[in-house]
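A.B. asks: give me a 3D structure for the following:
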Amino acid sequence: MTGLSALWLPILVSAVVVFVVSSIIHMVTPWHKNDYPKMPNEDAFRSAVRPLAIPPGDYMVPRPVGTAEMRSPAFAEKLAEGPVLVVTVLPNRMTSMARNLSLWFVYLVVVALFAAYIAGRALPPAAAGARIVQFAGATAFAGYALGLWQMSIWYQRAWSITIKATVDALIYAVLTGLVLAWLWPH
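C.D. replies: Okay, the predicted model is just below:
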């Protein structure tokens, strides 16, 4: 067993490495460029929904109030008429990249913390690097990827987005495992 207090440097370094690599993946490569295409007739859509002043939040349209309504002919008609949407409404302003990047870094530290904790509980100081990568990488992969699949399963988010994010997660997990193995206490 390796104490978590001995793993703070590997945790922070792995978060920094993943932060830099994720920035390169998202800002330099075209890998995620077409994840969210432009809505057809965007201006007409914006003009139609703007007067509704929908507050920021997550919405489902149409949204039944219960299972009885979900089974009703009237609700089936709403679905057939369309549109059927799961939508997130953001505030009417530019989002703060500093805030988002700060939260992303905190998330990376949390995933690395769990990866280090699991590996540290299972492995002693001076453990073999491959075993560290195995435990830490698998834990990091679970933290980075598995929750993403729910969005495609339940809300029909494009599987291409989920698969690309899962590939990203695999890269991040391998990097997390490698950094933890590199800086693991001996």
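A.B. asks: would residue 13 count as being in a strand?
C.D. replies: No. Assessed with DSSP: H, G, I helix; E, B strand; the rest coil, residue 13 is helix; it does not lie in a strand.
A.B. asks: who's in contact with stretch 121-140?
C.D. replies: The contact list for stretch 121-140, computed with CB atoms under 8 Å, 6 or more residues apart in numbering, reads 1-2, 6, 111-112, 114-116, 118-119, 172-174, 176-178, 180-182, 184-186. Every residue, glycine included, has its C-beta placed from N, CA and C.
A.B. asks: how about the strands in this protein?
C.D. replies: Counting by DSSP state E, the chain has strands at residues 57-61, 85-89.
A.B. asks: just checking, what packs against the last one?
C.D. replies: Applying 3 or more CB pairs under 8 Å, 6 or more residues apart in numbering; DSSP states H and E, one finds that strand 85-89 contacts strand 57-61.
A.B. asks: show me what counts as buried in the strand it packs on.
C.D. replies: Of all the residues in strand 57-61, not one is buried under the rule 16 or more other CB atoms under 10 Å.
A.B. asks: residue closest to the middle of the protein?
C.D. replies: Geometric centre of the chain, nearest residue: residue 148, 5.8 Å, by CA atoms, centre = their mean.
A.B. asks: from residue 137, how far out is that one?
C.D. replies: 17 Å (CB to CB, to the nearest Å).
A.B. asks: next one: residue 103
C.D. replies: 23 Å.
A.B. asks: contact partners for the residue nearest to the centre of the chain?
C.D. replies: Applying CB under 8 Å, 6+ apart, the residues near residue 148 are 162, 165-166, 169.
A.B. asks: that older thread, now mean pLDDT too, for the strands of the chain, in JSON lines please.
C.D. replies: Formatted as JSON lines, the strands of the chain follow (pLDDT from 0 to 100):
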{"stretch": "strand 57-61", "mean pLDDT": "95"}
{"stretch": "strand 85-89", "mean pLDDT": "94"}
